[in-house]
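1. With the sequence up front, the predicted model follows.
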Amino acid sequence: MKPPANITFEAVTKVFATGARVQTCFADLSLTCEAGAITTIVGASGCGKTTFLNLAAGLIAPDAGTVRFSGTPITGPHPERGVIFQNYALFPWLTVAENVGFGLRIGGKKTQERAASVERLLNLVGLEHVANALPKELSGGMKQRCALARALATAPRALLMDEPFGALDAITRARLQEELLRILDQQPTTILFITHDIDEAVFLSNRVLVMRPYPEQIVMDVEVPYDRNRTSDIRTDREFARIKKELWQAL
Amino acid sequence: MQEDSIESAIVNVPPQPRITQTKEGAVTVATPNDQHQLSHQKGSRLRATKAAVILTGSILVGLAIWQVASQLVGSTLMSSPSQVVRWASSYGLSNIMANAEASWRRVLVGFLAGSAAAIPTGLLMGWYRPIRTAFDPWIQFFRNVPALALIPLMILLLGIGETPKYVVIAIAAFLPTTVAVLQGVMDVDRNLINAAKVLGAKQRQIFRLVVIPSASPVILVGSRLALGSCWGTVVAAELISSKSGLGYMSSEGQLYFNVPEIYLSIILIGVSGLLMDRAMYLLQQHLTKWQERR
Ligand SMILES: Nc1ncnc2c1ncn2[C@@H]1O[C@H](COP(=O)(O)OP(=O)(O)O)[C@@H](O)[C@H]1O
Ligand SMILES: [Mg+2]
């Protein structure tokens, strides 16, 4: 397995032209997501979080500047950069196991060759008992686990997560956050995490960035001191509360 | 997984025996799970039986009204069900089947040919904008010309054999199917395409593994409409020019003033159309099981 790699934004500019109106999303934005770390961007909706993630995914191209992965300019999507979408984006006609195996199938692996990897991933995310279920039969939390397993199947060196737990209830969300940290222990990757939930941002991240709409862009950059073996206990910490307060003020 | 252990814990609460009295007065003892399933099964079976009884009753009452009405009217133009049955048995099952077979064959050949042409056309139109722009005016134009209107021209062009019928029916299938395939492709969720892209899928793979399955429910709805349109077209084509088929039976009945034959052909046309539509519906349900239904 290839080691995690960093994502670098170098003087990136992105504008959207809708009809006669030209709207700047970012101008001259530079930023590095460190290899193997969890970097989280928090911000109100419409401030450009998804656009930022889509640039890193290679789903859209910058108008100026370069986005690099492991030093190489990104020219399009690649399975070494997995993406988790907010609305899960599971293929509804495929079973859970088939969804998880999709990336391997694209990569040319035959059904038998895929079986062992798929089984390992289903166990990792705890979906082995619904391997043959269709997405419509799953709860929101299970759908997002399935999406996570699907993204991990191609052994990505980075995982880009766009408000992945945004549609879940608070209890499920808290569980999945802990679960995500445990899973990343087993399969380390660079994480770019997007959320509008400050608690989630502080709990998961090594570093939290606060984004505001252009021209403000990144208004705060905070290191979170906890190590990767953190548990929900830290949520009641003084330090945890202090960081949250600081972030709230920046938002 | 913690969340799921909670979820399954909810499902697997130690079953509490529960004593209940059903509407019919029977007292049952069942665990909540069992009871739920049992009453559900019993309920749906009961409903199915009820529906079958009502359906049979409805058909019998309808036939009875028809019989009485035709006797009251006493007109030669209103055959009674018994007259139709009597005429059918004198005409012979093999003759009836030969006509039915002719119509079914024309519909199936035309429908399959039309669909086979429509699916690639619609897919290409949906996927490539220039192709869509070029084809769209023609599809829109011919969609507004009923295939029936082409029958006289096709007979002149292709003679009076089977070919013009196949062609007209194929056209009747082609247009609604093309429009449905096009719609299906254009409506594919961008998120699913992006999900495939980030997993490394190239254009061809996206097309085969995402676009086609995603569009299939809309395509199947279009096929069902197309089959209905084919059936209407074949009957009309047989009325105009044919020496066989269910439509021909009707025009033969008119020609020789054989009223029961007209009634029989109407019944067979209705039943055939209904069977085709049901078959298509079942296929559609089977192939789109994965869809979320309200
Ligand atoms: N494809 C697009 N065309 C035009 N405007 C867009 C497009 N995508 C995003 N935008 C605009 O860019 C801004 C940032 O959008 P987005 O990145 O989706 O924000 P967020 O994910 O933070 O809610 C919004 O004002 C949005 O209207
Ligand atoms: Mg967004």
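-> Happy to help now that I have it. Ligands and ions are numbered 1, 2, ... in the order given.
2. Next, the residue nearest the centre of chain A: secondary structure please.
-> Nearest residue to the geometric centre of chain A (CA atoms, centre = their mean): A:M161, 1.6 Å. Under the three-state scheme (DSSP: H, G, I helix; E, B strand; the rest coil), A:M161 adopts strand.
3. so what's it closest to, chain neighbours aside?
-> A:I84 (4.3 Å; CB to CB, 6 or more residues apart in numbering or on different chains). The way it works is simple: take the backbone N, C-alpha and C, and place the C-beta from them, glycine included.
4. List the contacts of the one you found.
-> A:144, A:147-148, A:151, A:159-162, A:164 (CB atoms under 8 Å, 6 or more residues apart in numbering or on different chains).
5. rerun at 7 Å
-> Residues near A:I84 by CB atoms under 7 Å, 6 or more residues apart in numbering or on different chains: A:147-148, A:151, A:159, A:161-162, A:164.
6. next one: phi and psi at A:T18?
-> Reported as degrees, to the nearest 10, the phi and psi values for A:T18 are phi -110, psi 110.
7. Ignoring the adjacent residues along the chain, who's closest to B:I206?
-> B:A196 is the one closest to B:I206 (CB to CB, 6+ apart), at 5.0 Å.
8. Near that neighbour, how many residues? Count them for me, please.
-> As a burial measure, B:A196 scores 23 neighbours (other CB atoms under 10 Å in any protein chain shown).
9. so what's the residue nearest to the centre of chain A up against?
-> A:84, A:191, A:193-194.
10. Which of the residues you listed fall within strands?
-> Among the contacts of A:M161, DSSP state E puts A:84, A:191, A:193-194 in strands.
11. Which single one of those is nearest to B:S242?
-> A:I84 (60.6 Å; CB to CB).
12. Distance-wise, check the closest one relative to ligand 1.
-> A:I84 sits 14 Å away from ligand 1, going by CB to the nearest ligand atom, to the nearest Å.
13. again with A:D233
-> Taken as CB to the nearest ligand atom, the span from A:D233 to ligand 1 is 31 Å.
14. quick one: the helices in the chain?
-> The chain I'm using is chain A. With helices called from DSSP state H, chain A shows them at A:49-57, A:96-100, A:102-106, A:111-125, A:140-152, A:170-186, A:198-204, A:238-250.
15. Can you look at chain B instead?
-> Here chain B has its helices, by DSSP H, at B:2-11, B:32-73, B:81-91, B:93-127, B:129-143, B:151-158, B:163-186, B:190-198, B:203-206, B:212-240, B:246-255, B:259-287.
16. quick one: buried residues of stretch A:126-139?
-> A:126-128, A:130-131, A:134-135, A:138 (16 or more other CB atoms under 10 Å in any protein chain shown).
17. ok, now stretch A:230-243?
-> If you call a residue buried by 16+ other CB under 10 Å, then stretch A:230-243 has these buried ones: A:230, A:240, A:243.
18. I'd like the distance between the residue nearest to A:M161 and A:Q187.
-> According to CB to CB, to the nearest Å, A:I84 stands 14 Å off from A:Q187.
19. likewise B:L124?
-> 41 Å.
20. try B:S44
-> 46 Å.
21. Comparing those two, which shows the higher neighbour count?
-> Ranked by neighbour count (other CB under 10 Å), B:S44 and A:Q187 place A:Q187 first, with 15 against 10.
22. wait, doesn't the more buried one sit right on A:L152?
-> Yes. Using CB atoms under 7 Å, A:Q187 is in contact with A:L152, at 5.7 Å.
23. got the contact list for the residue lying closest to B:G110 once chain neighbours are set aside?
-> Excluding the flanking residues, the one nearest B:G110 by CB to CB, 6+ apart is B:I169, at 2.6 Å. Residues in contact with B:I169 (CB under 7 Å, 6+ apart) are B:106-107, B:110-111, B:114, B:230, B:233-234.
24. let's see 10 Å
-> Counting by CB atoms under 10 Å, 6 or more residues apart in numbering or on different chains, B:I169 makes contact with B:106-114, B:147, B:226, B:229-234, B:237.
25. which of the residues you listed count as buried?
-> The neighbour-count criterion (16+ other CB under 10 Å) marks B:106-107, B:109-111, B:113-114, B:147, B:226, B:229-234, B:237 among the contacts of B:I169 as buried.
26. Out of those residues, flag the one nearest to chain A.
-> Chain A lies nearest to B:A226 out of those, by CB to the nearest CB, at 22.2 Å.
27. wait, which of the helices of chain A is closest to B:N99?
-> Closest approach to B:N99 among these (CB to CB): helix A:96-100, 46.8 Å.
28. Which elements pack onto that closest one?
-> helix A:111-125, helix A:140-152 (3 or more CB pairs under 10 Å, 6 or more residues apart in numbering or on different chains; DSSP states H and E).
29. ok, now how distant is the residue lying closest to B:I171 once chain neighbours are set aside from A:F52?
-> Of all residues beyond its chain neighbours, the one nearest B:I171 is B:A147 (4.8 Å), with distances taken as CB to CB, 6+ apart. Per CB to CB, B:A147 is found 53 Å from A:F52.
30. I'd like the distance from stretch B:263-272 to the chain centre, please.
-> Using CA atoms, centre = their mean, to the nearest Å, the distance from the centre of stretch B:263-272 to the centre of the chain it belongs to is 17 Å.
31. Just the CA trace of it, in PDB.
-> Taking Å, rounded to 0.1, in the frame of the first residue of the first chain, the C-alpha atoms of stretch B:263-272 are listed here in PDB:
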ATOM      1  CA  TYR B 263     -67.300  -8.800 -31.300                       C
ATOM      2  CA  LEU B 264     -64.900 -11.700 -31.000                       C
ATOM      3  CA  SER B 265     -62.100  -9.700 -32.600                       C
ATOM      4  CA  ILE B 266     -62.700  -6.800 -30.200                       C
ATOM      5  CA  ILE B 267     -62.500  -9.200 -27.200                       C
ATOM      6  CA  LEU B 268     -59.300 -10.900 -28.500                       C
ATOM      7  CA  ILE B 269     -57.700  -7.500 -29.200                       C
ATOM      8  CA  GLY B 270     -58.400  -6.300 -25.700                       C
ATOM      9  CA  VAL B 271     -57.300  -9.500 -24.000                       C
ATOM     10  CA  SER B 272     -54.100  -9.600 -26.100                       C
END
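32. Return the set of buried residues in it.
-> B:263-266, B:268-269, B:272.
33. how about residue 194, what does it touch?
-> If you meant another chain, say so; for now it's chain A. Contact partners of A:I194, counting by CB under 10 Å, 6+ apart, are A:39-43, A:49-50, A:52-53, A:84, A:86, A:160-164, A:166, A:201, A:211.
34. ah, no, chain B please
-> Per CB under 10 Å, 6+ apart, neighbours of B:N194: A:54, A:57, A:59, A:77, A:83, A:85, A:89, B:201, B:206, B:210.
35. my guess is B:L148 contacts B:E238, does it?
-> No. In this structure B:L148 lies outside contact range of B:E238 using CB atoms under 10 Å: 11.5 Å.
36. Settle it for me: which of the two has more neighbours?
-> Taking other CB under 10 Å, B:L148 and B:E238 do not tie; B:E238 has more neighbours (25 against 18).
37. Do you know the pLDDT at the closest residue to that one other than its chain neighbours?
-> Nearest residue to B:E238, sequence neighbours excluded (CB to CB, 6+ apart): B:G247, at 2.8 Å. Listed pLDDT for B:G247 reads 93.
38. ok, B:R132 - contacts?
-> By CB under 10 Å, 6+ apart, the neighbours of B:R132 are B:122, B:124-126, B:139, B:182, B:185-186.
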